[in-house]
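S.K.: Return a 3D structure for these sequence lines:
(4 chains)
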There are 2 protein chains.
Amino acid sequence: MPPPAGRTGRPRSAEAHSAILRATRTALAELGWSRLSMSDVAARAGVARTTLYRRWPGKNELVVDAVAALLDEQLELPDSGSLAGDIEGVVLRFAQLLERPETRSALMAVVAESTRDPALRERVTAAIVDRQKALVLRGRERARARGELPPETDEAASARESDLVFDVIAGTVVHRALVSGEPVDAEWARRFTRMVLGGLPALTAEG
Amino acid sequence: MPPPAGRTGRPRSAEAHSAILRATRTALAELGWSRLSMSDVAARAGVARTTLYRRWPGKNELVVDAVAALLDEQLELPDSGSLAGDIEGVVLRFAQLLERPETRSALMAVVAESTRDPALRERVTAAIVDRQKALVLRGRERARARGELPPETDEAASARESDLVFDVIAGTVVHRALVSGEPVDAEWARRFTRMVLGGLPALTAEG
DNA sequence: ATCTTACGATACGGCTCGTAGCGTAAGTCA
DNA sequence: TGACTTACGCTACGAGCCGTATCGTAAGAT
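M.R.: Next up, the predicted model:
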């Protein structure tokens, strides 16, 4: 896999690189995770099968990179002016990503594989999880600046808290969309946000 | 797959059935999802490969059944006397299940596959999701009986609410355990429960 | 005793895997 | 310009799994 440093010979084709990632995404959307094969991707990308193995160790790593490229395009956090608005915004953005067939089939699969493969776990964390988490941290900063949340006092407690919030938001949205199989629409995002901010009683109070 | 009704000939071996499911779980724990093969399971179970195909259409369905059997043993909701205690209890029970290597590797994988296969989705829903959801519903009934939650008024709203709570609890625990890769211990369960009941501000209020 | 179904064993074509070896193309550096 | 280094496409390989079919046998039901 190493095209590491001190380059001298023929450089790797950048066109091939993006063509492969693109082919991986369309193949994912068409075939799903289990039926996706390296042979198939190579054929779609118009590239020799060996070229894939020169750049990625296997299917897992290839898919992680292919999906990560999507996140950079899609994940943003529009400043809505309120904490509730920011949460609803990130929820809907994330849900929008989960509507794409390629992410639906890929995300859970790579997570499943990563439970047995530490190297893959790191790759997933760096390429996908951290990108999402950054949004949560940014939103909290804004909320503090507005006075919607108290300023940070204990740094460790603050980190634990944002970890929890991240798991709640990302986990719930994924579960709703992929496990329960129900739509994540604006109305659901509103109710979810109310629960995150006010807890279960606040949710019951009003319809 | 159909051993449907009007039986007359030789019955299917019940020993083989449980031996196969047991072999599937140990193979899952050893190899993980992607490297698990029907051939391997058959060999471990001491059964001909064709016997597996007579009972299950493929790897997906076999694994769902193998994991579902675990849930029946493990999933219960001890009555702790308070809503908070019940939530912490079910969170810890579920987390305990997610510590087993066979469930870790299997759960997300079958969910990933089910996003492309409606029949598999139904199987997952019936065998796994509904079993978990029943716990949430039971806990809510108890809380209402104790007066911790207001009695049901609108039935539709009530169903939406329990769906949301279910996604929040199951989704967050799974995300914490499998994506973030952090332990779900008693201390975390306490903080999570406080957030579910009181919302984000309640969480910040105390350490 | 007969009938029906499950079982084990074996074999098949088709596919994917990961690696290796080759000659050629595309750059870098003197 | 020419030597060097690396990527590329192509072909081939052994191994493994897949899903199905076939066959003779075993185990219960009637």
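S.K.: Regarding the closest residue to A:Val196 other than its chain neighbours, which helix or strand does it belong to?
M.R.: Counting by C-beta to C-beta, 6 or more residues apart in numbering or on different chains, B:Leu200 is the residue found nearest to A:Val196 once chain neighbours are left out, at 5.8 Å. C-betas here are computed from N, CA, C, even on glycine. B:Leu200 is located in helix B:186-205, with elements delineated by DSSP states H and E.
S.K.: Are there helices or strands packed against that helix, and which ones?
M.R.: helix A:155-174, helix A:186-205, helix B:83-99, helix B:155-174 (3 or more C-beta pairs under 8 Å, 6 or more residues apart in numbering or on different chains; DSSP states H and E).
S.K.: Put together TSV for these, with mean neighbour count on each row.
M.R.: Formatted as TSV, the helices and strands packed on helix B:186-205 follow (neighbours: other C-beta atoms under 10 Å in any protein chain shown):
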stretch	mean neighbour count
helix A:155-174	20
helix A:186-205	18
helix B:83-99	19
helix B:155-174	20
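S.K.: Nearest residue to the middle of chain A?
M.R.: A:Ile128 (4.5 Å; C-alpha atoms, centre = their mean).
S.K.: Name the SS class of the spatially closest residue to that residue that is not a sequence neighbour, please.
M.R.: Nearest residue to A:Ile128 in three dimensions, chain neighbours excluded: A:Ala68, at 5.7 Å (C-beta to C-beta, 6+ apart). Following DSSP: H, G, I helix; E, B strand; the rest coil, the label given to A:Ala68 is helix.
S.K.: For A:Ala68, give me its contacts.
M.R.: By C-beta atoms under 8 Å, 6 or more residues apart in numbering or on different chains, the contact set of A:Ala68 is A:Ala127, A:Ile128, A:Arg131.
S.K.: Same check on A:Glu113?
M.R.: A:Glu113 touches A:Asn60, A:Leu120, B:Gly32, B:Trp33, B:Ser34, B:Ala109, counting by C-beta under 8 Å, 6+ apart.
S.K.: 7 Å - rerun?
M.R.: A:Asn60, A:Leu120, B:Ser34 (C-beta atoms under 7 Å, 6 or more residues apart in numbering or on different chains).
S.K.: and what of A:Gln74?
M.R.: With C-beta under 7 Å, 6+ apart, A:Gln74 has these contacts: A:Arg93, A:Leu97.
S.K.: Distance check, it against A:Leu135.
M.R.: 11 Å (C-beta to C-beta, to the nearest Å).
S.K.: per-domain residue ranges of chain A.
M.R.: A:14-57, A:64-205 (automatic domain parsing).
S.K.: Could you tell me the least trusted of those domains?
M.R.: With a mean of 93, domain A:64-205 has the lowest mean pLDDT of these.
S.K.: Is DNA strand C within reach of it?
M.R.: No: contact of domain A:64-205 with DNA strand C (C-beta under 7 Å from any atom of the strand) is absent, the minimum separation being 11.8 Å.
S.K.: gap between that domain and the chain center?
M.R.: From the chain centre to the centre of domain A:64-205 is a distance of 9 Å (C-alpha atoms, centre = their mean, to the nearest Å).
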